[in-house]
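A.B. asks: What would the 3D arrangement of this be:
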Amino acid sequence: MVLIRQPSRRPKDNMLVQRLLRTKAANDEFLFHSEWTRKIGPLNMIGVAGVISIPLGMFYIIPYAIVNFSGPSTVLAIIAAFVVAVIASLQQVELSCAAPKNCVLYQMSYLRLGELPAFLVGWMTLFDGVALISTIHKVFSNYVVRF
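C.D. replies: Numbers count the residues shown, from 1 in each chain. Predicted coordinates:
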């Protein structure tokens, strides 16, 4: 009977994987500490109102253009996308209530999944924001050109 010997992993490879997937402990200092001051003045409120009005305009302008320029199946697709966006927003609210800290999605992925997945989540969040801003820019520029 011949036994096949399994090759052992090198210690360097094992350490690299452990370093990429290391996590943090979720204690009270980690969950509630924030570097930002939580003061909202009049200018900040105007900025928040402006940011909130962008999606409202987007959900008004895009459906108007789609209803006038395409069929009803597109409206159903927008309704489905709206439901998915609401579910994602509710999930984000639950995360922010569980750990009231800035960059909650990154921090929670760092806690649960490790450093490398959290790094990827952070970059995906950045690209998501850039894609959203460019989409809103395109919609508003088309709206201004048409009217």
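
A.B. asks: Let me know the distance separating Asn142 from Phe69.
C.D. replies: Distance, Asn142 to Phe69, using CB to CB, to the nearest Å: 11 Å. Using the backbone N, CA and C atoms, a C-beta is placed for each residue, glycine as well.

A.B. asks: neighbour count winner among these two?
C.D. replies: Between Asn142 and Phe69, Asn142 has the larger neighbour count (other CB atoms under 10 Å), namely 13 against 8.

A.B. asks: which helices and strands sit right next to the helix or strand hosting the more buried one?
C.D. replies: Assigned by DSSP states H and E, Asn142 belongs to helix 115-146. Applying 3 or more CB pairs under 8 Å, 6 or more residues apart in numbering; DSSP states H and E, one finds that helix 115-146 makes contact with helix 11-20, helix 42-69, helix 104-112.

A.B. asks: now that helix: mean pLDDT?
C.D. replies: Computed over helix 115-146, the mean pLDDT rounds to 80.

A.B. asks: That one relative to helix 104-112, how many degrees between them?
C.D. replies: 160 degrees (axes from the mean of the first three to the mean of the last three CA atoms, to 10 degrees).
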